[in-house]
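Undergrad: Sequence plus predicted model, see below.
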Amino acid sequence: MVARGEGNTVGRRGLLIGGGVGVGLIVAWAVWPRSYAPNLPLAHGESLFNAYLKIGEDGVVTVAVPQAEHGQGVYTALPQILADELGADWRTVAVQPAPLNPLYANPLGVDTLFEGLFDALPVPLREGHARRGALLLTAGSTSVRAFEAPLRQAGAAARVLLCKAAAKRWNVGWQACASEGGFVTHGKDRLRFGELAAAAAGGVLPDPLPLRGEGGTRLSGQALPRLDAPAKVDGSANFAGDIRLPDMVFAAIRQAPVGDSKLLSVDRDAAAHVRGMLSVVTKDDWVAAVASNWWAANRALDALAPKFSTTGPIVNNDSIDAALAAALKGDGTRIWSTGDLATAFKGAKLVTATYRAGLAVHAAIETMTATARLTDGKLELWMPTQAPGLARAAAAALGISEGAVVVYPMLIGGSFGANLEHLAATQVAVLARDLKRPVQLTWSRSEDLLHDRYRPPALARMTARLGGNGQILGWQAKIAAPSTGRELAHRLLATDRAARAALAISATGDTYAVAGARPVYRMPAYAIDHHPADIGVPTGHWRSGAHSYTAFFNECFIDELAHVAGTEALSFRIGMLGGDARLARCLSTAASLGGWEGGVQGSGQGIACHSFRGSHIAVLAEAHLDDDGSVAVDRIVAAVDCGRQINPDLVRQQIEGGLIFGMAAAIGASIGFSDNLATARTLGDLDLPRLADTPDITVELIPSEADPGGVSELAVPAIAPAIANALQAATGTRRRTLPLITGIA
């Protein structure tokens, strides 16, 4: 599908931002009136109702989804919202990726991903920037939260127009008509959507637009089958690696180690002997082998035996640990605080603990892949991407105008944040230009692990004061971690001058790096400090971001404080929630379903909770150590309050998947560094849990009428501390390092 938006071209015209005039130009650019027309392509027999919906004369209802499908279910949840409001028959609903257009921008996704990095700008300006730049980000568990309202409006608008068209035929008032199951009805009269679509499209809408009331058959809230499942099961679903173009060749790539590294030499003669080998492309920091098939290209890459030189600092586990330790000793930036912490700590006996989290990899089943074709100055890109506009801008940086770049967003084979990055798009565009023919670039598994944008490591010094009644009177978290939020913004928005100007005027602290560290518990004084660390390794967004380690720090420390206070861990938590009924209910539900025994010594039970993205979760885990010292998780019980559930099955899938993902990171899935290279080369090197290692999992979804909260990342943060707390109960020894196999306090 052509992913090309007129608004992006207009939004960049004449935009000059820099120096002292930057803020003024951002304001002028953001508030300048703009309107955008839908650019959703139509097939024969289809009628366009709005940017999100078209209906065919055959009755097929096609919903344009502006979010990437990487397993989280947006190709089902978002159409379900619109189809519910429209009154469609689910069996006739189809989906297609939305084209690039500011109409589909996700300002909430931008704010959530960068964790307040652009808070120096007022909300209208931030939203204006996201729309002008056509930032179609899929990130931060925002798909339903960002698009529920516009999709309901789109469905309601089409329903009204269909009712008007039917009412005209029946000579009745359109308000007397209804829609259900793909029909417009009035008493015993019924007309299919397909019969009315051509006459209904383009009609006049009332203001305000009426939404469906209660009653009738509603699709929202039902566990409807996934629209993408059949094609994925039978193999007909197309991913980036399935693209085949005339005269296309295949490329494998090897990149320089991290740091100041350059390509020195390759053995072209040896590679020439590989059957199917066609050519070699070298750049300053990478070499690509090109062949008639990818396996030949990858073998030729090995034969090339590329040699790189590194002139900068050597990066290894020790250097990373030293950088974190030095940062923690240095000055930090206070991100959040309340009360008078100095007075609370003065002369008091304090409880302290130090926690660590290592680098974590995405390790999605699909490695970085992209296909490019450059013809007559027009560049086409087929790729899995969570940010198609940013991928287009990165490819356009080669000297091609953005208007001449077309992005076809593909289904993604997992991502967990990895496909926010667009390095592969730039590389494949270079190859297509140099080779003058279509080319498909696929990173090997080894390359994917060596050049991931890792979840950053972190080192935390936690300090608290307990009162005589066991209440927390003061709390401080000093967290050393890379400034991943700023790094991510500079890298992803490299061609966005408005974003660069906003970064220049934003505060120096990095909220992203300590996101989730602000305690959910009520206490009179706390402070959260970020100590930026330069570790020499590129970092990026990983499912749940910093919450994946800050929840570990907080919930393990809470458990330790409960032990010091002589209070049972569940009661200790609930007693400090200060009326947070939703999280308290999650805790009590998980404890009840899991048969909580108080976390007493020998029970092997641990509990933890977390709130973010508008949702709440509590996790009870049972774990023990095997004879060889490895961690075994026996059982997981999770209680979730995520507000109204569009599709309960999708929620359950994401919670279960998040628990396994977080468990993998807690007991394995880590990566080290030696001589500027990651130490893992295969999935087998990551000690990922296998099917036999998967515990019994129970997920309880708590009914709620609150607005929908985020789900896809929700289960990741709380599972690691629940396992750590369970191991403490099982062994009597506290493990304060992630993954839990690497360190014992």
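TA: Alright, I've got the coordinates.
Undergrad: Quick check: buried residues in stretch 523-538?
TA: By neighbour count with 16 or more other Cβ atoms under 10 Å, stretch 523-538 contains the buried residues 523-533, 535-538. Quick note: C-beta positions are derived from backbone N, CA and C, even for glycine.
Undergrad: out of those residues, who's nearest F612?
TA: Checking those against F612 with Cβ to Cβ, the nearest one is I528 at 14.5 Å.
Undergrad: So that closest one belongs to a helix, correct?
TA: No: the assignment for I528 (DSSP: H, G, I helix; E, B strand; the rest coil) gives strand, which keeps it out of a helix.
Undergrad: Of the buried residues of stretch 523-538, which is the nearest to V430?
TA: Once Cβ to Cβ is applied, the member of the buried residues of stretch 523-538 that ends up nearest V430 is P538, at 19.3 Å.
Undergrad: Could you pull up the residues touching the nearest residue to that closest one once chain neighbours are set aside?
TA: Distances taken as Cβ to Cβ, 6 or more residues apart in numbering put R453 closest to P538, at 5.4 Å, once the chain neighbours are dropped. By Cβ atoms under 8 Å, 6 or more residues apart in numbering, the contact list for R453 reads H362, A418, E421, P538, T539, G540, H541.
Undergrad: Show me these that map onto helices.
TA: Among these, DSSP state H puts none in helices.
Undergrad: Quick check: A525 touching L341?
TA: Yes: using Cβ atoms under 8 Å, A525 makes contact with L341 at a distance of 4.4 Å.
Undergrad: intersection of neighbour lists for those two?
TA: Common neighbours of A525 and L341 (criterion: Cβ under 8 Å, 6+ apart): G474, W475.
Undergrad: And E148, which helix or strand is it part of?
TA: helix 143-170 (DSSP states H and E).
Undergrad: and that helix, what other elements does it pack with?
TA: In terms of contacts (3 or more Cβ pairs under 8 Å, 6 or more residues apart in numbering; DSSP states H and E), helix 143-170 is packed against strand 46-50, strand 53-56, helix 74-86, helix 107-113, strand 178-180, strand 183-186, strand 189-192, helix 193-200.
Undergrad: can you pull the buried residues of whichever helix or strand comes after the fourth one?
TA: So the one you mean is helix 107-113. Sequence order places helix 123-132 as the next helix or strand after helix 107-113, per DSSP H and E. Buried residues in helix 123-132, counted by 16+ other Cβ under 10 Å: L125, R126, E127, G128, H129, A130, R131, R132.
Undergrad: and of these, the nearest to T76?
TA: Looking at these and their distance to T76, the nearest is A130, at 24.9 Å (Cβ to Cβ).
Undergrad: Verify the contact between T733 and L727 for me.
TA: Yes: at 7.5 Å, T733 counts as touching L727 under the criterion of Cβ under 8 Å.
Undergrad: how close does Q153 get to R445?
TA: As judged by Cβ to Cβ, to the nearest Å, Q153 and R445 stand 44 Å apart.
Undergrad: repeat for S337
TA: From S337 to R445 the distance is 44 Å (Cβ to Cβ).
Undergrad: before we move on, what about W294?
TA: In this structure, W294 and R445 are 12 Å apart, going by Cβ to Cβ.
Undergrad: Show me which of T733 and L727 is the more surrounded one.
TA: Set side by side, T733 and L727 show more neighbours around L727, with 26 against 10, by other Cβ atoms under 10 Å.
Undergrad: Mind telling me what element that one is part of?
TA: Going by DSSP H and E, L727 is part of helix 715-731.
Undergrad: repeat for S319
TA: Assessed by DSSP H and E, S319 sits inside helix 317-329.
Undergrad: Just the CA atoms of that helix, as CSV, please.
TA: The C-alpha trace of helix 317-329 is given here as CSV (Å, rounded to 0.1, in the frame of the first residue of the first chain):
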residue,chain,number,x,y,z
ASN,A,317,31.2,-6.0,31.1
ASP,A,318,33.7,-4.5,33.5
SER,A,319,33.7,-1.1,31.6
ILE,A,320,29.9,-1.0,31.7
ASP,A,321,29.8,-1.8,35.4
ALA,A,322,32.5,0.8,36.1
ALA,A,323,30.5,3.5,34.1
LEU,A,324,27.4,2.8,36.1
ALA,A,325,29.3,2.9,39.4
ALA,A,326,31.0,6.1,38.5
ALA,A,327,27.7,7.7,37.5
LEU,A,328,26.1,6.7,40.7
LYS,A,329,28.9,8.4,42.7
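Undergrad: in it, what's buried?
TA: S319, I320, A323, L324, A327, L328.
Undergrad: From what I see, the last one and L459 are in contact.
TA: To tie it back to what came earlier, the one meant is L328. Yes: between L328 and L459 there is a contact under Cβ under 8 Å: 5.4 Å.
Undergrad: overlap in contacts of these two?
TA: Contacts common to L328 and L459, judged by Cβ under 8 Å, 6+ apart, are A480.
Undergrad: now the strands: where do they sit in the stretch 601-745 of the chain?
TA: With strands called from DSSP state E, counting those that start in this stretch, the stretch 601-745 of the chain shows them at 605-612, 615-625, 631-641, 673-674, 677-678, 696-701, 737-738.
Undergrad: Low-confidence stretches in the stretch 451-600 of the chain?
TA: The stretch 451-600 of the chain contains residues with pLDDT under 70 at 506-507.
Undergrad: Would you map the strands across it?
TA: Counting by DSSP E, counting those that start in this stretch, one finds strands in the stretch 451-600 of the chain at the ranges 458-466, 472-481, 526-532.
Undergrad: ok so, going back, and W294 and R445? Which one has more around it.
TA: Neighbours per residue (other Cβ under 10 Å) separate W294 from R445, with W294 holding more: 20 against 16.
Undergrad: which residues does the residue nearest the centre of the chain contact?
TA: The chain has A139 as the residue nearest its centroid, 3.8 Å off, counting by Cα atoms, centre = their mean. Applying Cβ under 8 Å, 6+ apart to A139 gives the contacts N106, G109, T112, L113, Q386, A387, G417, L420, H541.
Undergrad: Name the helix or strand for it, please.
TA: Using DSSP H and E, A139 sits in no helix or strand.
Undergrad: any idea how far it is from N419?
TA: Distance, A139 to N419, by Cβ to Cβ: 10 Å.
Undergrad: do the same with N293
TA: 24 Å.
Undergrad: Same check on L650?
TA: 20 Å.
Undergrad: Compare neighbour counts for those two and give me the winner.
TA: Between L650 and N419, counting by other Cβ under 10 Å, N419 is the more crowded of the two (29 against 22).
Undergrad: I figured the more buried one was touching L390, is that so?
TA: No: using Cβ under 8 Å, N419 makes no contact with L390, being 10.7 Å away.
Undergrad: what is in contact with these two at once?
TA: In terms of Cβ under 8 Å, 6+ apart, N419 and L390 are not both contacted by any residue.
Undergrad: isn't there a helix covering I335?
TA: No: assessed with three-state DSSP, I335 is strand; it does not lie in a helix.
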